[in-house]
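Colleague: the sequence and its predicted three-dimensional model are supplied below.
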Amino acid sequence: MGLVLGVEGDGGHSHAVLTDASGTLLGLGANDDSSDWDQNGIAAAASALRSCVTEALSAAGSEAALVEASVFALAGVDFPVDERRLAGIPEATAALQNGNCVAFLYDNTWIESQLAGDPQWADYEMPLETEDPQAWAVAVPLDQLEGPYGDFMRETVTDWHRSGQLIELNREWGIQDNPFLEEMHEKHKSS
């Protein structure tokens, strides 16, 4: 098998990776352009994706003709009619499991939860470091933000970070170390 192209994009960025058949990373392309075709139109989404794919091919010193397999995870697949226009996550994961592609680029939280808790993913790994980590949050009603409930939630979450409880729970459940949790633990451990 030749090269494998993985593309991921949403309303705030686009990424492309190029690997060989063994999964070795050969090239990476990224930009902050929206590839949400539903929000910005096909032409704008195509331009954002073309840019990061071109960058990945250039970084690998390769050309598109050598790509033999690809997988896409794109924002804008929200309704059944969209699924008929752009295949989604179920089709991409089925292609991976059926051997029709060798890599799947998607949200790290979803991948980590599948690897940690679903036996059908036991023979898979997430070898690339998360490129665009997102902080998790706990929401409270605005009228409670400075009230007793907001204070309780703020103190509880700060204590989870201080004690390292969230890091330990990740490890207990087989989820990879999380840079955000490590950063918050360092920030709050002496407070």
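Modeller: That came through fine.
Colleague: ok, the residue sitting nearest the centre point of the chain - contacts?
Modeller: The structure's the chain has its C-alpha centroid closest to residue 107; by C-alpha atoms, centre = their mean the separation is 2.2 Å. By C-beta atoms under 8 Å, 6 or more residues apart in numbering, the contact set of residue 107 is residue 73. Every C-beta, even on glycine, is put in place using the N, C-alpha and C of the backbone.
Colleague: cool, residue 97 as well?
Modeller: Residues near residue 97 by C-beta under 8 Å, 6+ apart: residue 120.
Colleague: gap between it and residue 130?
Modeller: Residue 97 sits 22 Å away from residue 130, going by C-beta to C-beta, to the nearest Å.
Colleague: so which strand or helix has the residue nearest to residue 136 when sequence neighbours are not counted?
Modeller: Distance criterion C-beta to C-beta, 6 or more residues apart in numbering; nearest residue to residue 136, sequence neighbours excluded, is residue 180 at 7.2 Å. For residue 180, the host element (DSSP states H and E) is helix 179-188.
Colleague: what's the following helix or strand after the helix or strand bottoming out on mean pLDDT in the chain?
Modeller: Across the helices and strands of the chain, mean pLDDT, DSSP states H and E gives its lowest value to helix 80-85, namely a mean of 52. Using DSSP H and E, the next helix or strand after helix 80-85 towards the C-terminus is helix 89-97.
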